[in-house]
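Q: Sharing a sequence plus its predicted fold:
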Amino acid sequence: MQMPSGEFRFPPTGIVICGQNSLDQVGRKVDEVGAKRALVVTGHTIATKTDLVDRVRRSLGSKFAGAYSGVVQHVPRHCVVEGARMARELGLTY
């Protein structure tokens, strides 16, 4: 497989929300960035050993597009490619 060429931009994280009741703000943050739906990206352990993805799903309601749980330590290229493929299949754009 040939490596694609182009320019990639990684904007800085503008805000981090944490603490009690932080999930209550997830839907509002999706709106603030101008998105209609969100893809939750996480590792396998969080997706299978906790209820966090289900809690985010409930918080987002119809804004929940899906979850990609294939991220592994150091996020190798194949994880990014697979996550981007899933986002495209869901019709998500940034």
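A: The structure has been received and is ready for your questions.

Q: can you map out the helices along this structure?
A: Per DSSP state H, the chain carries helices over the ranges 26-32, 44-49, 52-60, 77-89.

Q: want to try a markdown table for those helices, with mean neighbour count as columns?
A: C-beta coordinates here come from the backbone N, C-alpha and C atoms, glycine included. A markdown table is the format used below for the helices of the chain (neighbours: other Cβ atoms under 10 Å):
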| stretch | mean neighbour count |
| --- | --- |
| helix 26-32 | 14 |
| helix 44-49 | 12 |
| helix 52-60 | 15 |
| helix 77-89 | 13 |
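
Q: quick one: which of the ones you listed is nearest Gly19?
A: Comparison of these against Gly19 by Cβ to Cβ identifies helix 26-32 as nearest, at 13.0 Å.

Q: Now tabulate the helices of the chain in JSON lines and tack on mean pLDDT and distance to Ile17.
A: Formatted as JSON lines, the helices of the chain follow (pLDDT from 0 to 100; distance: least, Cβ to Cβ, whole Å):
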{"stretch": "helix 26-32", "mean pLDDT": "91", "distance to Ile17": "7"}
{"stretch": "helix 44-49", "mean pLDDT": "95", "distance to Ile17": "17"}
{"stretch": "helix 52-60", "mean pLDDT": "96", "distance to Ile17": "12"}
{"stretch": "helix 77-89", "mean pLDDT": "91", "distance to Ile17": "21"}
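
Q: Which strands and helices lie in contact with the longest strand belonging to the chain?
A: Longest strand in the chain, counting residues (DSSP state E): strand 64-71. Helices and strands touching strand 64-71, by 3 or more Cβ pairs under 8 Å, 6 or more residues apart in numbering; DSSP states H and E, are strand 38-43, helix 44-49, helix 52-60, helix 77-89.
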